[in-house]
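**Student:** got a structure for you, letters missing:
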C-alpha cells in the first residue's frame, strides 16, 4: 500500500458523508460535534480483531465491516436506545489490499446507513492485525433497559432463534457451507435488534444482547440483578432445520444455542405473565437463588453443558 | 495469562470507579449513559498501537497508558471543549504480563483523573499486538474551535515549545536518555492543553493540536480554511538546551520542531494583532495563497525541510 494516508482519509470522508440532523460537525476536524440532546446519551465501544472475532476466509471484507458495526450497534439495542452516530477506528496491516480496505469500509458504511447511525469520525493506523473498533452513540428511549432490573419470578425471553450463527461458523470451519446457507448467512450478516430494544424500553425489567452465548449473557443479568435463573431446554427456539443439521455434524444443538454467541438476539426479562411486545419466546424464569443458573429438561432435571461461552483469556 | 476475563473486567470496574455528576451509568452494562447536556457533545477516537505509536522499551506501561489517553484528550483540547468521559478499548496479547496490564490501566486511570475524564466503558479483547483505542467525549465551550476558521493575515501561534518530544524519542532510540531527561520526559509524559483550548474558544479563529508535526498540522488548518501559511523559522519556540542537544546528535532542531509530532501543544490562529489568551508564541501568518505552506528564514528565504510528519501508509 504505497498510496497516501491523506488520500485514504479523504476517500473515507466521501464514503461516510451523511445527512443527519443530530450531527453538527462530521469527519474532518479534531473531533466531531453532535447537537445537544434532551435525552441522556448512551455510549459503547466494541472491537473486532482478525484471528479472534473474524477470519477473512469465512466472510467477505464487506461482511466483516458490517458485522463489526452491527456488534457495536447491538449494545445500543440492548439499552433500548436509538442510534445517533458512530466513530470507527481501524488498525490496518500494510499487507491488506486496497480493494479489501475499500470493501471493509463499504461494509461499515452500509451498516451505518442501515441503522441510521452515521460515521462521524474515526482513526486510521497501520498495525499487524486488522482490527475494527467501533464506538456507538445513541439516545436513551424512556427509562432505557439495563441488566440490573430483573426480579425473581420474571419470565426470561429471547427475541429469536439461538445458535444459528454458531452453527454457521461451524459449517464454515468444516468447509460445509453449502449444507446450511441460512446458518452461514446468520453468522456472516447478523442484525442488531434496534426496534425490539425500543419496544422493550419501559416494558422489560432487564435486557442484554446475545453476543457471548445466551447462558453467559443471562449470567450477566443474574449477576447484575443479584438473582439466579432456570432455562427450560425444550423452550429454547431453534431455526428450522437447525437441530437436524447440528446433529448430523455431531454437534449438540442445545450447546450451540446456549453457548454459541453472535446471534445478537435480545435476551430479556418481563414481569410474570406480561405480554412480550417483541413476540419473542419465553425460555425460562428468574429465581431468587443468587448466581444459580441452570438448564433443565422437560422433567425438571438439570442438564450439564460442556464448555463456556467465548472468553478472551 | 491463565486468569479469568471476568475477574480482569471486575478489576477494571474497580479501577475506573469515579464520582462524576455527568455520568448516569458507568462501566458494567451493555453501554454507559451520560446525562443530557445542554451543550453540544464533542467526540473523538484515537488509537495507540505497539510498534507504531509506542515501544515498551521507551516508556513504562503506566506511561504508555497515560500517553495514549492524553493523545485522545488532546483532540478535545483542540476543539475548545471540556472532557466529560472516555471509553477505553484494549487489545491485549496473551504474552503481556499481568503486572504490565495492571500498570497500563493504572496509567489510563491516572490520566482520566488528571483530565477529570472518567472511563465509563470499554472493551477487552485478546490479540497479537497491544493496542489502546480511546474514545473521548466532551462538551463544547462557547462556539468551539475548528480547523476551518482561519483568515488570510491571521497570526499563527503555538502554545509552547516544539520538538521536545521528538528529541526525547531520538535520545531513547540512541540509548542516550541521560543526556536530556527533560526531553525524554516530554516524550514519555505529554500533557493535553485543555485549559488553553477553553481560553482559545471564542478568541482563536482556528486550532489544532500538534500530534503529527506542526508543519503537517498547520497544513490541515490551511486545507480546511482554504489558505496558505508562512512560518518564520527564527520564531519557532524551542525548549532551553534543545538546539544545542539536537545539533550535538547531528539532528536539525528546526526539523524536529516542525516535523516531529506528539508535543500536544496547540497550534492556532488569531486575528492580526490580537492578544493571545494563552501567552503562546507567534510563529507565522496565514496567507491567501491556497495550500502554499512555507518556512522562511530571517531574510524571508524559503527553507526546505527533508521528510514529512508521521504518515501511516
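**Tutor:** Cool, the structure landed. Just so we're clear, the structure is a prediction, and the values are computed from it rather than from any experiment.

**Student:** residues in contact with residue A:129?
**Tutor:** By C-beta atoms under 8 Å, 6 or more residues apart in numbering or on different chains, the residues touching residue A:129 are A:49-51, A:91, A:93, B:127-129. All C-beta spots, glycine's among them, are computed from the backbone N, C-alpha and C.

**Student:** please report the distance of it from residue A:107.
**Tutor:** Computed as C-beta to C-beta, to the nearest Å, the residue A:129 to residue A:107 distance reads 18 Å.

**Student:** what of residue A:197?
**Tutor:** For residue A:197 relative to residue A:107 (C-beta to C-beta), the value is 22 Å.

**Student:** who's more crowded, the two?
**Tutor:** residue A:197 (30 against 24; other C-beta atoms under 10 Å in any protein chain shown).

**Student:** rounded mean pLDDT for the helix or strand hosting the more buried one, please.
**Tutor:** Residue A:197 belongs to helix A:194-200 when assigned by DSSP states H and E. The average pLDDT for helix A:194-200 rounds to 96.

**Student:** other SSEs contacting the helix or strand following that helix?
**Tutor:** Elements were assigned by DSSP H and E; along the chain past helix A:194-200, the next helix or strand is strand A:206-209. Applying 3 or more C-beta pairs under 8 Å, 6 or more residues apart in numbering or on different chains; DSSP states H and E, we find strand A:206-209 packed against helix A:61-78, helix A:214-225, strand A:266-270.

**Student:** partner strands of strand A:206-209, with direction?
**Tutor:** In the sheet, strand A:206-209 lines up against strand A:266-270 (antiparallel) (DSSP bridges).

**Student:** name the residues of the partner strand that are buried.
**Tutor:** Buried positions in strand A:266-270, judged by neighbour count with 16 or more other C-beta atoms under 10 Å in any protein chain shown: A:266-270.

**Student:** nearest to chain B among these?
**Tutor:** Taking C-beta to the nearest C-beta as the measure, chain B sits nearest to residue A:266 out of those, at 10.0 Å.

**Student:** for the closest one, name its beta-bridge partners.
**Tutor:** residue A:209.

**Student:** for it, give its distance to residue A:60.
**Tutor:** 27 Å.

**Student:** can you check residue A:122 too?
**Tutor:** Residue A:122 is 21 Å from residue A:60, by C-beta to C-beta.

**Student:** ok, residue A:260 touching residue A:166?
**Tutor:** Yes. Using C-beta atoms under 8 Å, residue A:260 makes contact with residue A:166 at a distance of 2.2 Å.

**Student:** contact residues of the stretch 51-200 of chain A facing chain B?
**Tutor:** Within the stretch 51-200 of chain A, the positions adjacent to chain B are A:51-53, A:75-76, A:78-79, A:81, A:85, A:87-89, A:91-92, A:94, A:120-129, A:131, A:133, A:135-138, A:140, A:144, A:146-148 by C-beta under 8 Å from any C-beta of the partner chain.

**Student:** for the closest residue in space to residue A:156 that isn't next to it in sequence, give me its contacts.
**Tutor:** Spatial nearest neighbour of residue A:156, excluding adjacent residues (C-beta to C-beta, 6 or more residues apart in numbering or on different chains): residue A:284 at 4.3 Å. Contact analysis of residue A:284 by C-beta under 8 Å, 6+ apart lists A:155-156, A:229-232, A:235.

**Student:** repeat that for 6 Å
**Tutor:** For residue A:284, the contacting residues are A:156, A:229-232, by C-beta atoms under 6 Å, 6 or more residues apart in numbering or on different chains.

**Student:** same deal with residue A:288?
**Tutor:** With C-beta under 6 Å, 6+ apart, residue A:288 has these contacts: residue A:152.

**Student:** so for it, what's the pLDDT?
**Tutor:** What the model reports as pLDDT for residue A:288 is 97.

**Student:** what count of nearby residues applies to residue A:191?
**Tutor:** Counted with other C-beta under 10 Å, residue A:191 comes out at 18.

**Student:** good, we can wrap up now.
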